[in-house]
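J.: sequence-free structure coming up:
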């Protein structure tokens, strides 16, 4: 019994030209249905493009204090709202102005209360 494999013309993305070709092909097959050969090609091509973009255009994690301020803004919180997490109002002010560093316990509480990933909060600033 001989097994037949479907062939796809997918290659590693190594250059900008490869990247542009992959984007053009992705656009062409963008509406392909799952379970079809074009659907499979779309899925694989998307992964290749994503990995190439991550390598070429890495996105740094945000500054921990800026992440806290951004999240507070999203949730409509004021500095006073952080007193139950960080402590005294003066300590919150010192943290947000980068005069004092976050402690491990503060990082844990901020992660839980504001849902900011710990890998963002533990960075140097």
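T.: Arrived safely. These numbers come from a predicted model, not from an experiment.
J.: just list the residues touching the nearest residue to residue 117 once chain neighbours are set aside, thanks.
T.: Using CB to CB, 6 or more residues apart in numbering and skipping the chain neighbours, the partner closest in space to residue 117 is residue 111 (7.0 Å). All C-beta atoms are positioned from the backbone trio N, CA, C, and that covers glycine. When contacts are counted by CB atoms under 8 Å, 6 or more residues apart in numbering, residue 111 touches 117, 118, 121.
J.: give me the buried subset of those.
T.: Neighbour-count burial (16 or more other CB atoms under 10 Å) applied to the contacts of residue 111 gives residue 121.
J.: ok, back up a step: next up, phi/psi of the residue nearest to residue 117, please.
T.: Torsion angles at residue 111 (phi, psi; degrees, to the nearest 10) stand at phi -60, psi -50.
J.: show the pLDDT at it.
T.: pLDDT, the model's per-residue confidence, is 97 for residue 111.
J.: follow-up on the earlier one: want to throw the contacts of residue 111 into JSON lines with secondary structure and pLDDT?
T.: Below are those laid out as JSON lines (DSSP: H, G, I helix; E, B strand; the rest coil; pLDDT from 0 to 100):
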{"residue": "117", "secondary structure": "coil", "pLDDT": "96"}
{"residue": "118", "secondary structure": "helix", "pLDDT": "96"}
{"residue": "121", "secondary structure": "helix", "pLDDT": "97"}
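J.: what residue ranges in the chain are flagged as low confidence?
T.: 1-7 (pLDDT under 70).
J.: which segments of it make up each domain?
T.: 1-59, 64-121 (automatic domain parsing).
J.: measure the shortest one end to end?
T.: End-to-end span of domain 64-121 (CA to CA, to the nearest Å): 5 Å.
J.: residue boundaries of the helices in this protein?
T.: In the chain, the segments counted as helices under DSSP state H are 16-28, 37-56, 64-75, 83-86, 89-96, 104-114, 118-121.
J.: the longest one: how far from the chain's middle?
T.: When distances are taken as CA atoms, centre = their mean, to the nearest Å, helix 37-56 is centred 17 Å away from the chain's centroid.
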